[in-house]
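Student: Any chance you could fold what I've pasted below:
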Amino acid sequence: MGEIIDNKTLLNEIEEILDKFTLLNQYKKALDESSIVSKTNKNGVITYVNDNFCTVSGYSKEELIGKNHNIIRHQDMPIEVFKELWTTILDKKVFKAIIKNRKKDGQSYYVDTTVFPIFDDKDNIIEFMAIRYDITKIYEQEKIIQEQYLDELTNLPNRQKLLKDIKKSEFSKVAVININRFRDINNFYGFETGDKVLQKFADILKKLTPSNLILYKLSNDIFAILSNDKNSLDDLKYLCKNIIENIAQKPILVANNSFYINVAIGVACNCLDNSSNLLSKAEFAVRIARKKDISILFLDENIELYNKLQENRTLVEQLKSVLENNNLLLYGQKMINNFTGEEKYETLMRLKLNDNTILSPFKFLEEAKKSKLYLNMTRMLVKKACEYFKDKNIHFSINLTLEDLKDTYTMDFIYNTLLRTKTAEFIAFEIVESEGIENFEEVGNFIRKVKHLGCKVAIDDFGTGYSNFEYIIKLDVDYVKIDGSLIKNIHKDEHLYLTVKTIVDFAKALNIKTVAEFVHNKEVFDIVQELKIDYSQGYYLHEPEELK
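Tutor: Numbers count the residues shown, from 1 in each chain. Model prediction:
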């Protein structure tokens, strides 16, 4: 009976061992199917490889077994990696790394590698096993992605990489370095020489940039340095000053030519407002540095400039919205004939913002011109003014600048609008006086063309700046509007009185009518009448109002 029990126990134990052996075989099969497996002895000689090892490496089992494992070593892999591998596994620990190997045909492949020692029952190392996963496709895709973040010429990370890195830290600081007048090098010496200068300049920056800061190349002649360290703003400022000093000391030599490099640097940090447009701030800082002809501008020390930029950007967006939503308003201010009481209007431009704020040109005209929106506004004003007055038998005027007169599309639009609305005989165009107005052929052509249609022409703001009596004669104008700066204090200043009288006498001699601007009280109005100026315009007589 005891023997029967022992046999049953033995059979159970054998069955359990067989189950474990079957399970181990299944593990081995799964491992062989999914992994690259090899074993070596303690000297690194291969004792076993699975089929995947052969498939990936291109070697047969016969070519591998008995050979040292360095048969698949790629020359690009540093010897230090393998020294670390042996130190780790001989210390009875597991080694993990991404390793670049070489196939039999010389091609390279990448494997995610784990190497670990195998022990006997006395905890002595008897061999080593390596399990690898082929990640070549993943690695090459990652490499392609990384290459997209590199500047091809200097092998430095590019603008996209900088933007990505900035997002990783709330303590980012950026210095943008712009080579001044680099275009001259390309123009005079050619792009090949220019590229070599950039490469050598990049090498200089690499040597100067400490390990806690990162150097980038953003575009042709613009580089950047990033700091993500909370306390490294001083380091960045010191580096910028060091760059200025170093590049000033000696030229860059290319093909027997010496190039003395001069740069402008703009520095910005997220401590300004912790916003995400850090690079834009630094680029703004370098633009201001170049404009002011200074070497370095730290935006945190010139924050009012940045705030002004932000305001201007907001204004430009508002201007775009005004145009899109047709929120340009037509205002008018009366010009009154001092002898007959006849009234006509100077049309004025106003903008209505989304919050119903009304802006005068003083607030937006400069930014409208910079952002190339001004001509659109001119055309919209012309259309609104001509539509408003076309059936009213009232004379009106519209202001034009030289920018308007030089734009062919705007001029064609004006002519076509005059013809369509039949308002030519009621309109006068006020041309804003400017230095060198007589040099613009467009002015004379415009005057001749609109006068042929029946329009009148006035010179606005006459009497200040570069006033030139000669071109008044040449341009054959109908009105001269005397600048408000001469009129508003004419009752207090005898010199202003004599200046205005000279202009009036000159205009009368040429049969040109005169208009006094800025008539703001009775004293001024009385003198304007005394001087026999033809028209008065100002708040004393009429404040600008919306023409609906």
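Student: my guess is E342 contacts M335, does it?
Tutor: No. Using Cβ atoms under 8 Å, E342 is not in contact with M335, being 9.0 Å away. (Glycine included, C-beta is placed from N, CA and C.)
Student: For the stretch 251-400 of the chain, which segments count as strands?
Tutor: Counting by DSSP state E, counting those that start in this stretch, the segments of the stretch 251-400 of the chain that form strands are 252-254, 257-259, 263-269, 296-298, 328-337, 343-352, 358-359, 396-400.
Student: Please name the strands paired to the third one in the sheet, noting orientation.
Tutor: Yep, that's strand 263-269 we're talking about. Sheet pairing for strand 263-269, assigned by DSSP bridges, gives strand 173-179 (antiparallel), strand 296-298 (parallel).
Student: most packed of the ones you listed?
Tutor: A comparison of the strands paired with strand 263-269 by mean neighbour count, using mean count of other Cβ atoms under 10 Å, puts strand 173-179 on top with a mean of 25.
Student: just for the protein, where's the confidence low?
Tutor: 1-34, 140, 142-147, 231-232, 271-276, 301-310, 433-440, 465-468 (pLDDT under 70).
Student: Pop the domain breakdown of it in here.
Tutor: Domain segmentation of the chain under automatic domain parsing yields 1-30, 35-140, 150-301, 311-546.
Student: The closest residue to C386 other than its chain neighbours: neighbouring residues, count only.
Tutor: Residue nearest to C386 in three dimensions, not counting chain neighbours: T421, with 4.1 Å by Cβ to Cβ, 6 or more residues apart in numbering. By other Cβ atoms under 10 Å, the residues close to T421 number 19.
Student: before we move on, the earlier item: who's more crowded, E342 and M335?
Tutor: M335 (28 against 12).
Student: I459 versus the more buried one, what's the distance?
Tutor: 15 Å (Cβ to Cβ, to the nearest Å).
Student: how many neighbours does the residue nearest to L85 when sequence neighbours are not counted have?
Tutor: In space, and not counting its chain neighbours, L85 is closest to F95: 4.9 Å by Cβ to Cβ, 6+ apart. Other residues within reach of F95, judged by other Cβ under 10 Å, total 20.
Student: Tell me what F95 is bridged to.
Tutor: V115.
Student: Where do the strands of the stretch 51-200 of the chain begin and end?
Tutor: 95-102, 108-119, 125-134, 173-179.
Student: for the ones you listed, which one ends up most surrounded?
Tutor: Sorting the strands of the stretch 51-200 of the chain by mean neighbours (by mean count of other Cβ under 10 Å), the first place falls to strand 173-179, with a mean of 25.
Student: Looks like I472 contacts V480 (just checking).
Tutor: Yes. Taking contacts as Cβ under 8 Å, I472 lies within contact range of V480: 6.6 Å.
Student: which of these two has more neighbours?
Tutor: V480 (27 against 21).
Student: Please enumerate the shared neighbours of I472 and V480.
Tutor: I459, F462, A507, I512 (Cβ atoms under 8 Å, 6 or more residues apart in numbering).
Student: separation between N50 and K168?
Tutor: Following Cβ to Cβ, the distance that separates N50 from K168 is 41 Å.
Student: of the two, who's got more company?
Tutor: Here N50 and K168 are compared on neighbour count by other Cβ under 10 Å; more neighbours surround N50, at 18 against 9.
Student: S35 contacts I131, doesn't it?
Tutor: Yes. Using Cβ under 8 Å, S35 is in contact with I131, at 5.1 Å.
Student: Closest to the centroid, which residue in the protein?
Tutor: S280 (5.8 Å; Cα atoms, centre = their mean).
Student: So which residues of the stretch 301-450 of the chain form helices?
Tutor: Counting by DSSP state H, counting those that start in this stretch, the stretch 301-450 of the chain has helices at residues 303-324, 361-370, 374-389, 402-406, 408-421, 441-453.
Student: Just give me the neighbour total for the nearest residue to D229 once chain neighbours are set aside.
Tutor: Take D229 and drop its neighbours on the chain: the residue closest to it by Cβ to Cβ, 6+ apart is N212, 5.6 Å away. Using other Cβ under 10 Å, N212 has 11 other residues around it.
Student: so who does D105 touch?
Tutor: G58.
Student: how close does I394 sit to E425?
Tutor: On the measure of Cβ to Cβ, I394 and E425 end up 12 Å apart.
Student: which one of these two has more residues nearby?
Tutor: The neighbour comparison of I394 against E425 (other Cβ under 10 Å) goes to I394, with 14 against 11.
Student: The more buried one against E342, yeah?
Tutor: No. I394 lies out of contact with E342 (Cβ under 8 Å); the separation is 9.9 Å.
Student: distance of K173 from L236?
Tutor: Distance from K173 to L236, by Cβ to Cβ: 5 Å.
Student: quick one: common contacting residues for these two?
Tutor: With Cβ under 8 Å, 6+ apart as the test, K173 and L236 both reach S227, V267.
Student: for V174, what are its contacts?
Tutor: Counting by Cβ under 8 Å, 6+ apart, V174 has contacts 162, 166, 224-227, 267-269, 278-279, 281-282.
Student: In contact with Y48, which residues?
Tutor: V37, S38, K39, I65.
Student: Kindly report the same for E324.
Tutor: Counted by Cβ under 8 Å, 6+ apart, E324 has zero contacts.
Student: all numbers from here: first residue = 54
Tutor: Got it, the first residue is 54 from now on, which makes the last one we talked about E377.
Student: Let me have the strands of the stretch 104-253 of the chain in TSV, extended by distance to P210.
Tutor: Shown next, in TSV, are these (distance: least, Cβ to Cβ, whole Å):
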stretch	distance to P210
strand 148-155	21
strand 161-172	22
strand 178-187	28
strand 226-232	13
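Student: To R432, which of the ones you listed lies closest?
Tutor: Within the strands of the stretch 104-253 of the chain, the stretch nearest R432 is strand 226-232; the backing value is 36.6 Å (Cβ to Cβ).
Student: Can you show me the helices along the stretch 54-203 of the chain?
Tutor: According to DSSP H, counting those that start in this stretch, the helices that the stretch 54-203 of the chain contains are 55-87, 104-110, 114-117, 132-143, 189-201.
Student: ok, K405 - contacts?
Tutor: V375, N380, L381, L382, I411, L412.
Student: Who wins on neighbours among the residues you listed?
Tutor: Busiest of these [other Cβ under 10 Å] is V375, holding 24 neighbours.
Student: Without its sequence neighbours, what residue ends up closest to that residue?
Tutor: Going by Cβ to Cβ, 6+ apart, V375 has L404 as its nearest residue, at 4.9 Å.
Student: which residue packs closest to L594, ignoring adjacent ones?
Tutor: Using Cβ to Cβ, 6+ apart, the nearest residue to L594 is I389, at 5.5 Å.
Student: Look at that neighbour and say how many residues are nearby.
Tutor: For I389, using other Cβ under 10 Å, the count is 19.
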